[in-house]
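Provided below for reference: sequence and predicted model.
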Amino acid sequence: MNSLSNTNNGEKKCYDPCPPQYCNCKSHEELHPVPGSALLEIGKGYPVLINSANAPNITATTPLVIAQVDLDPTCLCYPNLKIEFSSFVTLTGLISAGDKFTIQLSRMRNGYSPVSVMEPLQTYSFTFPASLPAATVVSQPISFIYAEENIRVRESTYVIEVVSATFAAGDTGIIQFQNVNMAALAVGGVHIG
């Protein structure tokens, strides 16, 4: 929950979350704040499937969305951000050594313009080191944490997408994301002094 309050006419208003001494600081200065208000949002995950038929169509302009979460740290003072992602990747069927996929974490800032622009934050590539025979089923957990200090953004949507996938010719395997979890945590600062 953030510090939005309703006025009499139903309009939401955010009080300045930073004490006056913050107003004189630049966002890149090291403030050493103690933790203040926090906002935790749990995202939504999707069971994405990749195979040799759809892999050539997966690009940065036509990605597959794995998970997303909305976060509005507007009313937190110079918040720090933490994004956590985890999933099981199930491999079924014939997968060759060298087959790979790439996922990307991006931020879409809401309310800035009529056209939403994705801001890439981090990219992760996964390459299979060994071949899997056709009758094999293997589940592998994957996870990552992304952190950023002193974010100065309003409401944003954080999205994790498959932006590329490569299969060797003749591969009939399937890569599936299951039990997908994503969460965003923003913690504001309280300046002492």
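That came in fine, so what should we check first?

give me the mean pLDDT for stretch 122-141.
Per-residue pLDDT values over stretch 122-141 give a mean of 85.

need the strands for the chain, in chain order.
4-6, 12-14, 34-42, 44-45, 49-51, 64-71, 80-92, 100-109, 118-127, 137-148, 156-166, 174-190 (DSSP state E).

so which of those is the most surrounded?
Compared across the strands of the chain, strand 156-166 shows the largest average neighbour count, a mean of 21 (mean count of other C-beta atoms under 10 Å). The C-beta positions use only the backbone N, C-alpha and C, and glycine is treated the same way.

now it and strand 64-71, what's the angle there?
Angle, strand 156-166 to strand 64-71, by axes from the mean of the first three to the mean of the last three C-alpha atoms, to 10 degrees: 160 degrees.

tell me how far strand 156-166 lies from the chain's centre.
Here strand 156-166 is found 8 Å from its chain centre; the criterion is C-alpha atoms, centre = their mean, to the nearest Å.

over to stretch 65-84?
Chain-centre distance of stretch 65-84: 9 Å, with C-alpha atoms, centre = their mean.

first-to-last residue distance for that stretch?
Using C-alpha to C-alpha, to the nearest Å, the span of stretch 65-84 from its first residue to its last is 16 Å.

repeat that for stretch 83-100.
23 Å.

over to stretch 72-86?
OK, stretch 72-86 end separation, C-alpha to C-alpha: 22 Å.

can I get the strands of the chain in a markdown table including distance to Asn57?
Formatted as a markdown table, these follow (distance: least, C-beta to C-beta, whole Å):
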| stretch | distance to Asn57 |
| --- | --- |
| strand 4-6 | 41 |
| strand 12-14 | 41 |
| strand 34-42 | 30 |
| strand 44-45 | 21 |
| strand 49-51 | 10 |
| strand 64-71 | 9 |
| strand 80-92 | 19 |
| strand 100-109 | 13 |
| strand 118-127 | 18 |
| strand 137-148 | 22 |
| strand 156-166 | 9 |
| strand 174-190 | 14 |
